[in-house]
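**Student:** this is the structure alone, sequence omitted:
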């Protein structure tokens with residue numbers, strides 16, 4: 001039975017509203033960190049206190065102690081956003097030689113533990129240099145080398161000279177995977193022997209805008225992570241309009257562009273005629289994806305338990321979500337890049353199925369998620385979930401029962417936060433009147 005509004009999922013909590021419980025007397029807005037995710041600094045502090053806490057762990061990282069470095073780049077690069085339009089850009093190096101592609105290939109991390117993913121990334125050293133985003137058109141030599149790295153198809157043997165030894169701290173972001181120490185570069189040599197011919201061709205095409213270039217690369221089977229890397233390096237788009245794009249923005253921009261292009265095709269497909277459910281658990285996250293009969297609409301809802309990354313209060317559960325109708329949305333989703341990563345994964349599944357449908361993504365985040373791993377966590381795990389056989393359900397009642405047994409949070413909390421599920425429960429489809437005996441009912 002659904003619990004009442006006064007029944008919190010954890011004893012000792014008091015309801016703030018239908019979607020949030022907190023310790024009595026807590027003054028802070030419990031959704032603040034979830035809305036901000038360190039990107040907007042809504043708390044007014046100069047740095048995110050949550051990320052500062054976890055960066056303290058990086059003191060255990062060994063200091064490199066050298067200003068000269070040689071190793072292999074996965075290949076990988078990172079473009080910062082602070083100081084825009086003058087930003088910090090540079091390659092990611094591994095002290096290992098040889099094949100290191102796994103260290104910057106989120107598509108291959110499904111099934112890995114948090115410790116493994118963080119281990120892949122914290123060993124990467126980032127070289128940095130300050131440039132203007134407009135320098136993408138006429139790069140200096142070091143920037144040109146980094147841009148070429150963004151087109152590489154395999155690991156790249158690398159040498160760098162730093163102004164000082166790299167500092168031992170973990171760079172954390174809710175959008176991109178973490179990486180380890182960094183230092184400004186005096187010089188860099190990147191031995192790019194092979195580039196991806198698909199990326200190289202679109203990089204040379206100064207007449208294709210970024211939207212067309214991203215879509216064509218995706219259609220030719222280029223991995224999303226590689227498209228995001230080339231997009232960030234400013235190697236795609238029309239001549240005279242190319243820019244370096246901060247990594248955080250490029251990841252969401254590519255997910256958004258590709259899912260929109262997918263949905264242009266999805267909206268012309270026949271309607272799904274049954275209720276399908278996919279469930280998945282990974283990295284202490286539980287996902288449930290619902291495909292509903294009818295026209296396309298989409299919703300993504302997240303529930304963060306106490307002591308998770310963006311909900312550090314010890315006694316609160318916070319739920320947030322965004323949705324869009326058949327024709328999409330024009331404003332940025334409040335839950336950020338995860339919304340667009342999930343939309344890309346689900347739009348791919350609809351195309352593969354050859355049907356349009358209502359889509360609801362429910363995510364319950366448990367305390368095992370203590371570090372930001374990037375939105376790949378959502379995109380790749382939902383892709384994995386949607387590749388598995390679906391569970392076919394006969395009715396909305398059966399669906400609601402499945403939601404109730406999948407999550408620890410009471411069913412009515414999900415229902416109160418969901419616009420798409422509410423519509424599916426209360427609105428009767430026209431084809432229901434064509435069923436035998438409909439007139440009698």
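**Tutor:** Ah, there it is. Quantities reported herein were computed from a predicted structural model and do not represent experimental measurements. Numbers count the residues shown, from 1 in each chain.
**Student:** from here on, just use CA atoms for contacts and neighbour counts.
**Tutor:** Fine.
**Student:** could you list the low-pLDDT ranges of the stretch 301-441 of the chain?
**Tutor:** 313-314, 370, 428-441 (pLDDT under 70).
**Student:** so which residues of it form helices?
**Tutor:** Secondary structure of the stretch 301-441 of the chain by DSSP state H, counting those that start in this stretch: the helices cover 337-353, 376-387, 396-406, 411-417, 419-426.
**Student:** list the contacts of the last one.
**Tutor:** For helix 419-426, the surrounding residues in contact (Cα atoms under 8 Å, 6 or more residues apart in numbering) are 292, 297, 298, 299, 323, 358, 360, 396, 415, 416.
**Student:** show the backbone phi and psi for the first one.
**Tutor:** Per-residue torsions, residue 292: phi -110, psi 150 (degrees, to the nearest 10).
**Student:** correct me, but it touches residue 274?
**Tutor:** Yes. Residue 292 is in contact with residue 274 according to Cα atoms under 8 Å; the separation is 6.6 Å.
**Student:** between these two, who's got more neighbours?
**Tutor:** Regarding residue 292 and residue 274, a neighbour count based on other Cα atoms under 10 Å identifies residue 292 as having more, with 25 against 14.
**Student:** pLDDT wise, what is the more buried one at?
**Tutor:** Residue 292 carries a pLDDT score of 97 in this model.
**Student:** beta-bridge partners for it, please?
**Tutor:** With DSSP bridges as the criterion, residue 292 is bridged to residue 358.
**Student:** for the one 10 residues further on, same thing?
**Tutor:** Going by DSSP bridges, residue 302 is paired in beta bridges with residue 320, residue 363.
**Student:** list the contacts of it.
**Tutor:** Residues counted as contacts of residue 302 (Cα under 8 Å, 6+ apart) are 319, 320, 321, 362, 363, 364, 365.
**Student:** shaky segments in the stretch 1-150 of the chain?
**Tutor:** Within the stretch 1-150 of the chain, the ranges that satisfy pLDDT under 70 run 1-30, 43-65.
**Student:** strands of that one, start to end?
**Tutor:** The residue ranges that make up the strands of the stretch 1-150 of the chain, judged by DSSP state E, counting those that start in this stretch, are 14-15, 21-22, 68-73, 77-79, 86-93, 125-132.
**Student:** want to throw these into CSV with mean neighbour count and distance to residue 212?
**Tutor:** Conversion of these to CSV gives the following (neighbours: other Cα atoms under 10 Å; distance: least, Cα to Cα, whole Å):
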stretch, mean neighbour count, distance to residue 212
strand 14-15, 19, 48
strand 21-22, 24, 45
strand 68-73, 22, 28
strand 77-79, 24, 22
strand 86-93, 25, 25
strand 125-132, 21, 25
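**Student:** the ones you listed into JSON lines, with extra columns for distance to residue 148?
**Tutor:** Rendered in JSON lines, the data for the strands of the stretch 1-150 of the chain read as follows (distance: least, Cα to Cα, whole Å):
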{"stretch": "strand 14-15", "distance to residue 148": "54"}
{"stretch": "strand 21-22", "distance to residue 148": "50"}
{"stretch": "strand 68-73", "distance to residue 148": "12"}
{"stretch": "strand 77-79", "distance to residue 148": "11"}
{"stretch": "strand 86-93", "distance to residue 148": "11"}
{"stretch": "strand 125-132", "distance to residue 148": "15"}
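**Student:** out of those strands, the one nearest residue 387 is which?
**Tutor:** strand 77-79 (29.8 Å; Cα to Cα).
**Student:** direction included, what does the closest one pair against?
**Tutor:** Under the criterion DSSP bridges, strand 77-79 sits next to strand 86-93 (antiparallel) in its sheet.
**Student:** quick one, the partner strand and strand 68-73 angle?
**Tutor:** With axes from the mean of the first three to the mean of the last three Cα atoms, to 10 degrees as the basis, strand 86-93 and strand 68-73 are set at 80 degrees to each other.
**Student:** that older thread, can you say which of the contacts of helix 419-426 are buried?
**Tutor:** 292, 297, 298, 299, 323, 358, 360, 415 (16 or more other Cα atoms under 10 Å).
**Student:** grab the longest strand from the chain for me.
**Tutor:** Once the chain is assigned using DSSP state E, the strand that runs over the most residues is strand 182-191.
**Student:** hmm, who's touching that one?
**Tutor:** 125-129, 142, 145-146, 149, 156-169.
**Student:** just stretch 255-264 next, same as before
**Tutor:** Contact with stretch 255-264 is made by 211, 214, 215, 218, 340, 341, 343, 344, 347, 348, 351, as judged by Cα under 8 Å, 6+ apart.
**Student:** make it 10 Å
**Tutor:** Outside stretch 255-264, the residues that touch it by Cα atoms under 10 Å, 6 or more residues apart in numbering are 210-212, 214-216, 218-219, 224-225, 227-228, 250, 253-254, 266, 269, 296, 326-328, 337-351, 356, 375, 379.
**Student:** show me how far that stretch is from its chain's centre.
**Tutor:** Centroid separation between stretch 255-264 and its chain, computed with Cα atoms, centre = their mean, to the nearest Å, is 15 Å.
**Student:** buried stuff in it?
**Tutor:** Of the residues in stretch 255-264, 255, 256, 257, 258, 259, 260, 262, 263 count as buried by neighbour count, 16+ other Cα under 10 Å.
**Student:** let me see the mean pLDDT of the helix or strand encompassing the last one.
**Tutor:** Going back to what we said before, that points to residue 263. Residue 263 is located in helix 247-266, with elements delineated by DSSP states H and E. Over the span of helix 247-266, the pLDDT mean works out to 97.
**Student:** what's the answer for stretch 182-196, then?
**Tutor:** According to the model, stretch 182-196 has a mean pLDDT of 95.
**Student:** was I right about residue 118 contacting residue 177?
**Tutor:** Yes. Look at residue 118 against residue 177 with Cα atoms under 10 Å: they come within range, at 8.2 Å.
**Student:** and those two? Which one has more around it.
**Tutor:** Summary of the neighbour comparison: residue 118 and residue 177, criterion other Cα under 10 Å, with residue 177 having more neighbours (23 against 19).
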